[in-house]
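Novice: Below are the sequence and a predicted model; questions follow.
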Amino acid sequence: MTVVVAAIASYAPAVASDAQIRISVNGELQTLPSDSTVRELLARFEVDPTAVAVERNRQIVPKTDFDSVRLADGDQLEVVTFVGGG
């Protein structure tokens, strides 16, 4: 099995707001609304939540928690996908 880092393009918010956070996603700095969840982050980048694993600050986020885990300023996330084969 090979682990592949999911492609996350830079995202620029459509409207600037005071209520924003800065996080690192796969080593890239991103700015998001302050109340964003893991699932909202994945949706913003059009990533299928069933096809990835998410690590937040060196801890795996269970898929069942994608809706409830709110991101915080300074969070470091890794979004990876698994590819089978040899």
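Specialist: Ah, there it is.
Novice: Which elements pack onto the longest strand along the chain?
Specialist: The single longest strand within the chain, with elements called by DSSP state E, is strand 76-83. Under the contact criterion of 3 or more C-beta pairs under 8 Å, 6 or more residues apart in numbering; DSSP states H and E, the helices and strands touching strand 76-83 comprise strand 2-5, strand 20-25, helix 38-44, strand 53-56. To be clear about C-beta, it is placed using only N, CA and C from the backbone, and glycine gets the same treatment.
Novice: buried sites along that strand?
Specialist: With burial defined by 16 or more other C-beta atoms under 10 Å, the residues of strand 76-83 counted as buried are Leu77, Glu78, Val79.
Novice: again with stretch 34-42
Specialist: Taking 16+ other C-beta under 10 Å as the criterion, stretch 34-42 shows Ser36, Thr37, Val38, Arg39, Leu41, Leu42 as buried.
Novice: For those, which two are the farthest from each other?
Specialist: Ser36 and Leu42 (10.2 Å; C-beta to C-beta).
Novice: The residue nearest the centre of the chain and Val25, how far apart?
Specialist: Averaging the C-alpha coordinates of the chain gives a centre point, and the residue nearest to it by C-alpha atoms, centre = their mean is Leu41 (5.0 Å). As judged by C-beta to C-beta, to the nearest Å, Leu41 and Val25 stand 7 Å apart.
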